[in-house]
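Visitor: Give me a model of this one.
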Amino acid sequence: MAQFIYEGIKQGKRVKGKVEALTRKEAISRIKGEGVLPLSVEHLSEKKPIWKREFHLRGPSEEELSFVLLQLSTLLEAGIPLSKTLELVSSQMEDERVAGALAEIKSAVERGESLSSAFRKSGIFPEFLSEMLTAAETGENLERIFAIAGKHLETVADMKSKIVGAITYPSVVIGFSIFALFVAIKFVVPKIARVLESFGGELPLVTKVVIVFSDVLTYTFYLTPLIVVAFLYREKLFGRERIDRFLLGIPVVGRISFYFNISRFAYTLYMTLLSAVPITSAFRIATGSISNLYIRNKLVSLSEEIERGRSLSWVIKNTNLFPPLFVNLVETGENSGELERMLQLASDIYKKEALRLINLWVRMIEPVSILIIGAIVGVIVVSVLLPLTEITSSIGK
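Guide: Sure, this is the predicted structure:
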């Protein structure tokens, strides 16, 4: 089956999307069958002139995806059918990738494909959403799932915006400071060193250290293409699970990521159990909602214990990953018969903890950056002035 991209008119509105078919003729027939008057139908592999191509360095932003999911939630809550909801939201999107993905999801759902599978194949929505939608398919909480996922992405986007806003100015200043240090070491210090050597003097230790640092920066610059390639193919070179495990060990960043993951795990489990899904299926769906592969595999390796009748608290305790408070809340919920409420509470606690850590470190970025800039300026001054002082003293002798 080949993929075709089309533009057309449906109910007086311009729509875009993708369709799978063996031939272009069959694709046009399918598009018309969806009530669309096709204006253009192109094979996905056909190359366009360079001035007509679209270049995207990254996928749609969290803000865009959050907006889409919250719109879907609102329209579904208003009683509009899913197929019509997808069509309405698709027609309002300016980003062609999002509009096309939603149109493709609509077509897939109308062909009888599951909603979670259709969202997964779209390639632009986060992986955890598909797993959460699997939970919704077993109950009647579809609009709530979209609302939860939309608010989560909205929170992530807001936190990213705060962090970027906080580090932009310090990063630029620190970058220029390092550049000034590099220029001073490469072009100023060598000349001073030659003059000092002509007087029989020796470079101060701090200047020698700075010159070594400059050489390291130079070699790093030469290795930049290799570093970029390694970053782009990091999952193939190192494996995603190993990378995710390494990320968890990074101070602050790893802790924030961990809290967000277990919060999402707890809430997905809460939603599925609330929809009367059996604990074995609920555990599998909630585990799939975790984006960190290392944590997910730890839980998957113990999933058979749930089927054998082990308690949820025993399983998460034996991963040796979850905090004692999380385990205690789950155990309390199991003993009191209020597991769903305890899972919701655990989700709220760790989500708030992640946000608290983010806000704390955003406030600390500015003073830390000032210290770094001061240290760099101090090193520049000392590394240049000390050799000049040596030259002056040599001349005096």
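
Visitor: now the strands for the stretch 1-150 of the chain?
Guide: Counting by DSSP state E, counting those that start in this stretch, one finds strands in the stretch 1-150 of the chain at the ranges 2-10, 13-21, 37-43.

Visitor: between the ones you listed, which gets nearest to residue 130?
Guide: Closest to residue 130 of those is strand 13-21 (Cβ to Cβ; 18.1 Å). Yep, even glycine has a C-beta here, placed from its N, CA and C like the rest.

Visitor: which other helices and strands contact the helix or strand that contains residue 206?
Guide: Under the criterion of DSSP states H and E, residue 206 resides in helix 205-222. Packed against helix 205-222, as judged by 3 or more Cβ pairs under 8 Å, 6 or more residues apart in numbering; DSSP states H and E, are the following elements: helix 142-183, helix 189-198, helix 339-396.

Visitor: quick one: average pLDDT of it?
Guide: The average pLDDT for helix 205-222 rounds to 76.

Visitor: How far away from the center of its chain is it?
Guide: 34 Å (Cα atoms, centre = their mean, to the nearest Å).

Visitor: cool, and stretch 95-108?
Guide: That offset, for stretch 95-108, works out to 21 Å (Cα atoms, centre = their mean).

Visitor: ok, now stretch 114-126?
Guide: The chain centre lies 17 Å from the centre of stretch 114-126; the measure is Cα atoms, centre = their mean.

Visitor: Of all the residues in that stretch, which ones are buried?
Guide: 115, 116, 117, 118, 119, 120, 122, 124, 125, 126 (16 or more other Cβ atoms under 10 Å).

Visitor: quick one: the last one and residue 353, what's the gap?
Guide: So that's residue 126. For residue 126, the distance to residue 353 (Cβ to Cβ, to the nearest Å) stands at 21 Å.

Visitor: ok, of the helices and strands packed on helix 205-222, where does mean pLDDT dip lowest?
Guide: Ranked by mean pLDDT, the helices and strands packed on helix 205-222 bottom out at helix 189-198, with a mean of 70.

Visitor: Among the strands of the stretch 1-150 of the chain, single out whichever gets nearest to residue 109.
Guide: Of all those, it is strand 13-21 that lies closest to residue 109, at 12.7 Å by Cβ to Cβ.

Visitor: Flag every buried residue along that closest one.
Guide: Buried positions in strand 13-21, judged by neighbour count with 16+ other Cβ under 10 Å: 15, 16, 17, 18, 19, 20, 21.

Visitor: Mind picking the one among those residues that's closest to residue 64?
Guide: For the buried residues of strand 13-21, the nearest to residue 64 is residue 16 (15.6 Å; Cβ to Cβ).

Visitor: Let's have the helices and strands packed on helix 205-222 in TSV, adding distance to residue 295 and mean neighbour count.
Guide: Shown next, in TSV, are the helices and strands packed on helix 205-222 (distance: least, Cβ to Cβ, whole Å; neighbours: other Cβ atoms under 10 Å):
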stretch	distance to residue 295	mean neighbour count
helix 142-183	17	16
helix 189-198	48	15
helix 339-396	13	16
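
Visitor: Make a markdown table from those helices and add distance to residue 287 to it.
Guide: A markdown table is the format used below for the helices and strands packed on helix 205-222 (distance: least, Cβ to Cβ, whole Å):
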| stretch | distance to residue 287 |
| --- | --- |
| helix 142-183 | 17 |
| helix 189-198 | 57 |
| helix 339-396 | 14 |
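
Visitor: so which of the ones you listed comes closest to residue 96?
Guide: Minimum separation from residue 96 across the helices and strands packed on helix 205-222 (Cβ to Cβ) falls at helix 142-183, 19.9 Å.

Visitor: Does anything pack onto the closest one? Which helices or strands?
Guide: On a contact count with 3+ Cβ pairs under 8 Å, 6+ apart, helix 142-183 meets helix 62-77, helix 127-137, helix 205-222, helix 253-274, helix 339-396.

Visitor: Dump the ones you listed into JSON lines; add distance to residue 156 as well.
Guide: Output for those, formatted as JSON lines (distance: least, Cβ to Cβ, whole Å):
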{"stretch": "helix 62-77", "distance to residue 156": "5"}
{"stretch": "helix 127-137", "distance to residue 156": "11"}
{"stretch": "helix 205-222", "distance to residue 156": "31"}
{"stretch": "helix 253-274", "distance to residue 156": "8"}
{"stretch": "helix 339-396", "distance to residue 156": "10"}
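
Visitor: Verify the stated contact: residue 293 with residue 238.
Guide: No - here residue 293 does not reach residue 238: they are 11.9 Å apart, not a contact under Cβ atoms under 8 Å.

Visitor: Could you check which of these two is surrounded by more residues?
Guide: Ranked by neighbour count (other Cβ atoms under 10 Å), residue 293 and residue 238 place residue 293 first, with 17 against 12.

Visitor: How about the contacts made by the more buried one?
Guide: Listed by Cβ atoms under 8 Å, 6 or more residues apart in numbering, the contact partners of residue 293 are 240, 241, 244.

Visitor: Dump the residues you listed into TSV; add secondary structure as well.
Guide: Below are those laid out as TSV (DSSP: H, G, I helix; E, B strand; the rest coil):
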residue	secondary structure
240	helix
241	helix
244	helix
